[in-house]
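*Asks:* no FASTA, just this:
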């Protein structure tokens, strides 16, 4: 197995709302498809996909009986400075995300905060002076 | 915001078991750290991190009151042929994953199956002749 995640798919409640958030709010580049039932964003490295949560469970062949709540997974967007952390969090909130944890200096020596997208998925925005993942 | 997901963190129940699965079972390259409370895998594009789920919720500052079940998120590993899909699924199962959906030709014209890692996270292994994400 090649060491690569090709695609991360977020199950969403409202596809149009989710596309609006990621494309228009965060400015991610959408990859054109001929389907209006799924969206792809062509990111550096691992792509992002949005797909209705029910359809995602159906594709796997499972029953989705988990109530709304923490998915147990977070996505991180790393930036090169504390100031950039603040700016991305502001951008996300302006786009409709909820600020869950305002950015602060954290125990491991970095600076980070969390937002939750309109579909309930958690993102950390972080400046990590020890490991450059920007 | 730069179009990149830096890191995806899977909240896990048993960190050692999860590291064993991804490092020894799937062969992903671990990034050395001086902490035994978190693991990082240096992948092409988005890195993978493993972190105890409770600690992840605590880091966000939320209470994790969601029961076990579907997270609403899937990861995909794309490969260049149907045969390679079968091989990666076999590798995952040999490493302790559960085969959830055996690989099959799917409606969108590709060939894919799903496994669930020992911590409950879902991966699709796919051959997509129309979009090369390998």
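*Replies:* Sure thing, it's come through. Since the structure is predicted, the reported quantities are computational estimates derived from the model, not experimental observations.

*Asks:* mind checking pLDDT for residue A:94?
*Replies:* pLDDT, residue A:94: 98.

*Asks:* Next up, phi/psi of it, please.
*Replies:* phi -60, psi -30 (degrees, to the nearest 10).

*Asks:* ok, now which ones touch it?
*Replies:* Shown in contact with residue A:94 (Cβ atoms under 8 Å, 6 or more residues apart in numbering or on different chains): residue A:25. Every C-beta, even on glycine, is put in place using the N, C-alpha and C of the backbone.

*Asks:* how far away is residue A:112 from chain B?
*Replies:* 9 Å (Cβ to the nearest Cβ, to the nearest Å).

*Asks:* same question, residue A:118
*Replies:* 14 Å.

*Asks:* Could you say which helix or strand holds that residue?
*Replies:* Using DSSP states H and E, residue A:118 is not contained in any helix or strand.

*Asks:* So is stretch A:75-91 next to chain B?
*Replies:* Yes - interface with chain B: stretch A:75-91 contributes A:75-79, A:88, A:91 (Cβ under 8 Å from any Cβ of the partner chain).

*Asks:* shaky segments in chain A?
*Replies:* Counting by pLDDT under 70, chain A has no low-confidence residues at all.

*Asks:* Spatially nearest residue to whatever residue of it ends up closest to chain B (excluding sequence neighbours)?
*Replies:* Chain B sits closest to residue A:45 of chain A, with a gap of 1.8 Å, by Cβ to the nearest Cβ. Spatial nearest neighbour of residue A:45, excluding adjacent residues (Cβ to Cβ, 6 or more residues apart in numbering or on different chains): residue B:45 at 1.8 Å.

*Asks:* next one: residue A:18
*Replies:* residue A:12 (4.1 Å).

*Asks:* Neighbours of the one you found, how many?
*Replies:* Residues near residue A:12, counting by other Cβ atoms under 10 Å in any protein chain shown, number 27.

*Asks:* which residues does it bridge with?
*Replies:* residue A:52 (DSSP bridges).

*Asks:* Which secondary structure state does the residue lying closest to residue A:71 once chain neighbours are set aside sit in?
*Replies:* Among residues not flanking residue A:71 along the chain, residue B:71 sits closest, at 4.1 Å (Cβ to Cβ, 6+ apart). Using DSSP: H, G, I helix; E, B strand; the rest coil, the structure places residue B:71 in coil.

*Asks:* Tally up the residues packed near residue B:71, please.
*Replies:* 23.

*Asks:* Verify the contact between it and residue A:72 for me.
*Replies:* Yes - between residue B:71 and residue A:72 there is a contact under Cβ atoms under 8 Å: 5.3 Å.

*Asks:* any common contacting residues for these two?
*Replies:* With Cβ under 8 Å, 6+ apart, residue B:71 and residue A:72 have common neighbours B:120-121.

*Asks:* now the strands for chain A?
*Replies:* In chain A, the segments counted as strands under DSSP state E are A:7-12, A:30-31, A:39-41, A:47-52, A:73-79, A:98-105, A:111-116, A:122-127.

*Asks:* Could you spell out the sheet neighbours of the shortest one, each with its direction?
*Replies:* In its sheet, strand A:30-31 lies beside strand A:39-41 (antiparallel), with partners assigned from DSSP bridges.

*Asks:* Show me which residues of the partner strand are buried.
*Replies:* By neighbour count on 16 or more other Cβ atoms under 10 Å in any protein chain shown, the buried set for strand A:39-41 is A:39-41.

*Asks:* what's the answer for stretch A:47-65, then?
*Replies:* In stretch A:47-65, counting by 16+ other Cβ under 10 Å, buried: A:47-53, A:56-57, A:59-60, A:62, A:64.

*Asks:* do the same with stretch A:108-127
*Replies:* Buried residues in stretch A:108-127 (16+ other Cβ under 10 Å): A:110-127.

*Asks:* Cheers, nothing more for now.
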